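Novice: sequence-free structure coming up:
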């Protein structure tokens with residue numbers, strides 16, 4: 001199962017060079033153990049929790065860089081766990097696990113603030129790849145150098161993940177940041193939902209392009225609120241970001 005160094009993705013580390021940390025939350029002990037083994041193989045530090053209450057306690061102590069969270073837990077559901085986690089760490093990336101596969105359940109999880117979604121049964125490789133994608137949005141890569149993107153009065157610093165509009169700091173989640181960065185790297189260019197799904201979520205989201213609409217609405221509330229709009233919809237084509245006139 002050794003990885004080919006030529007094709008392996010670049011290692012992810014914390015700013016101090018220590019391993020990334022993942023909290024796995026699921027009431028099936030066998031599943032949490034399998035996920036833990038797969039993630040430790042990636043070189044990540046892993047802790048597990050079988051209940052929502054334990055998950056919240058572990059998160060406060062462990063300070064994970066990402067959370068894999070089951071929607072259905074014996075004490076309270078994943079939505080409540082997410083709410084409590086985000087009250088303490090508003091930017092922590094969360095991947096939901098669930099046996100439910102209805103479209104409305106996917107949207108509910110994302111609306112609650114989840115960054116990604118995997119339905120059971122799933123492959124361990126898929127979950128690891130999704131978690132890696134989420135952490136890459138907030139991780140510091142060894143030797144990585146960022147830049148400052150500027151469109152009109154909107155600025156985005158890729159290293160520090162700081163975003164400002166007209167001098168006002170804007171707090172974004174990891175997924176919101178990645179979406180805005182993609183838009184700002186392509187100013188005045190129409191980007192289709194399919195292009196955004198492929199670039200921001202790195203996979204075909206089961207054809208559910210409404211996740212793009214959802215996150216565009218989140219960005220508009222933060223970027224355009226009280227200002228002249230910068231994010232525009234072109235019906236049937238996609239979205240475009242351009243400086244306010």
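Specialist: It's in. None of the values given here were measured: they were computed from a predicted structure. Numbering: from 1, shown residues only.

Novice: And stretch 19-34, end to end?
Specialist: Terminal residues of stretch 19-34 are spaced 19 Å apart (C-alpha to C-alpha, to the nearest Å).

Novice: Correction: the previous question concerned stretch 153-170.
Specialist: Termini of stretch 153-170 sit 13 Å apart (C-alpha to C-alpha).

Novice: in it, what's buried?
Specialist: Applying a neighbour-count criterion of 16 or more other C-beta atoms under 10 Å, one finds 154, 155, 156, 158, 161, 163, 165, 170 buried in stretch 153-170. Heads up, the C-betas are built off the backbone N, CA and C, glycines and all.

Novice: Now find how far off-centre the helix or strand where residue 239 lies is within its chain.
Specialist: Applying DSSP states H and E as the criterion places residue 239 in strand 238-241. Using C-alpha atoms, centre = their mean, to the nearest Å, the mean C-alpha position of strand 238-241 is found 21 Å from that of the whole chain.

Novice: Helix or strand, whichever it is, which one in this structure has the lowest mean pLDDT?
Specialist: strand 140-141 (a mean of 37; mean pLDDT, DSSP states H and E).

Novice: next helix or strand past that one?
Specialist: Later in the chain than strand 140-141, the nearest helix or strand by DSSP H and E is strand 148-151.

Novice: Run me through the strand neighbours of the helix or strand following that next one, direction for each.
Specialist: Downstream of strand 148-151, the first helix or strand assigned by DSSP H and E is strand 154-157. Applying DSSP bridges to the sheet, strand 154-157 is found paired with strand 148-151 (antiparallel), strand 162-165 (antiparallel).

Novice: Which of these sits closest to residue 187?
Specialist: Comparing the strands paired with strand 154-157 against residue 187 with C-beta to C-beta, the closest turns out to be strand 148-151 (4.8 Å).

Novice: So for that closest one, what gets flagged as buried?
Specialist: 149, 151.

Novice: what about stretch 22-35, distance to the chain center?
Specialist: Worked out by C-alpha atoms, centre = their mean, stretch 22-35 lies 19 Å from the chain centre.

Novice: Check the average confidence over it, would you?
Specialist: Averaging pLDDT along stretch 22-35 yields 94.

Novice: can you pull the buried residues of it?
Specialist: 22, 23, 24, 25, 26, 31, 32, 35.

Novice: Could you report the separation of residue 150 from residue 201?
Specialist: 25 Å (C-beta to C-beta, to the nearest Å).

Novice: what's the answer for residue 189, then?
Specialist: Relative to residue 201, residue 189 is positioned 19 Å away (C-beta to C-beta).
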